[in-house]
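> The following comprises the amino acid sequence and a computationally predicted model.
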Amino acid sequence: MRFADLHIHSTASDGTWTPREVVRFARDRGFSCIALADHDTVGGVAEALQAGDELGIEVIPAVELSTLYREAEVHILGYCIDYRSAELQAQLQVFADARRNRGRRMVEKLRDLGFDISWEEVKSIAGEGSVGRPHVARALLAKGYIGSIKEAFTPEFIGKGGRAYVERYKMRPEEAIKVIKDAGGVAVVAHPGIYKDMSGLERDDIDYLVQYGLQGMEVWHTEHSEDVSAYYEGMAREMGLLLTGGSDCHGHNKEETLLGKIRLPYRYVEELKKKALGAEVR
Ligand code: AMP
Ligand code: ZN
Ligand code: FE
Ligand code: FE
């Protein structure tokens with residue numbers, strides 16, 4: 001049996017492994033296919049494809065776009081995208097700039113609260129990748145202001161609504177779906193069961209997204225219980241959507257490594273690729 005993990009992050013966003021390491025660790029764990037799906041960037045895709053060629057594992061170019069839907073954050077995955085598309089790059093650049101400005105503002109707020117961290121430190125932690133709260137958290141940890149990354153995500157620091165929290169620019173899910181499809185990709189709603197501000201997406205939410213071109217659903221995810229996965233699997237099959245799954249592994253920064261916990265049978269990747277080809281021919 002061949003297996004895939006269609007949701008992995010790298011240092012191009014807030015993961016701790018480089019794209020090359022992601023590919024290598026996935027191969028070591030027996031995967032024959034992965035998708036690199038970094039937050040709002042395709043900056044790691046070229047390196048992952050190159051590594052995939054060298055190590056003999058299939059890499060699917062992907063992205064995970066953060067959107068705002070009914071006051072909640074909903075993530076839309078884009079698969080088999082033309083990651084070199086100029087239009088896509090321009091859209092993602094808007095995101096990257098917004099993330100940098102927002103990161104800088106959180107640092108300013110923290111400094112006003114008396115925490116001696118600098119934007120330069122946060123930037124160097126983020127490296128080439130896009131800037132997120134995890135990078136600010138690592139700067140706080142490095143200075144000893146917190147004892148664990150988790151602690152940063154509390155009202156004291158940069159938890160949602162917290163003292164130094166700054167909201168991030170987000171596009172609407174309709175726009176995200178369009179950006180993905182314009183780049184020849186397949187749009188899939190990520191982990192529908194775990195949106196914190198709501199109790200998981202419901203059938204009418206998915207109907208809404210499908211109306212704007214959504215093609216698939218991430219049924220299997222490390223934060224979906226078996227019941228939740230079964231619920232969404234039923235919904236996705238009933239609606240004729242593609243079914244996908246991934247670990248959402250961010251490397252070693254969580255207590256455990258998530259890579260290997262979701263093994264998606266390869267036939268679902270074949271279905272996905274067929275849809276992408278269909279979109280190309282149109
Ligand atoms: P951002 O997109 O910059 O707002 O940061 C969100 C990212 O922070 C998520 O993708 C997670 O990787 C990370 N994150 C969110 N909540 C927590 C938490 N409680 N503990 C550790 N990491 C978290
Ligand atoms: Zn993340
Ligand atoms: Fe996500
Ligand atoms: Fe993710």
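Good, I have the coordinates. Ligands and ions are numbered 1, 2, ... in the order given.
> Quick check: closest non-adjacent residue to the residue in the stretch 1-150 of the chain positioned nearest to ligand 1.
Per CB to the nearest ligand atom, G132 is where the stretch 1-150 of the chain lies closest to ligand 1, at 3.0 Å. Any C-beta I mention is one placed from the backbone N, CA and C, and that applies to glycine too. Using CB to CB, 6 or more residues apart in numbering and skipping residues adjacent in sequence, the residue nearest G132 is D14, 4.6 Å away.
> same deal with G147?
Excluding the flanking residues, the one nearest G147 by CB to CB, 6+ apart is L141, at 7.8 Å.
> Can you check my assumption that R24 lies in a strand?
No: judged by DSSP: H, G, I helix; E, B strand; the rest coil, R24 forms no part of a strand; its state is helix.
> What helix or strand is the residue nearest to G147 located in?
helix 133-142 (DSSP states H and E).
> Residues touching that helix, excluding its own?
Contacts with helix 133-142, where a contact means CB atoms under 8 Å, 6 or more residues apart in numbering, come from 14, 103, 106-107, 110, 115, 117-118, 121-122, 125-126, 146-149, 151-153, 157-158, 250, 253.
> Name the next helix or strand downstream of that helix, please.
Elements were assigned by DSSP H and E; along the chain past helix 133-142, the next helix or strand is helix 149-152.
> can you tell me which strand in this structure is longest?
Counting residues, the longest strand found in the chain (DSSP state E) is strand 58-69.
> now that one: how far from the chain's centre is it?
Strand 58-69 sits 6 Å away from the centroid of its parent chain (CA atoms, centre = their mean, to the nearest Å).
> Repeat that for stretch 97-110.
Relative to the centre of its chain, stretch 97-110 is centred 20 Å away, using CA atoms, centre = their mean.
> ok, the strand or helix carrying Q89 near ligand 1 or not?
Per DSSP H and E, Q89 falls inside helix 86-112. No: judged by CB under 6 Å from any ligand atom, helix 86-112 and ligand 1 are separated, with a smallest distance of 7.0 Å.
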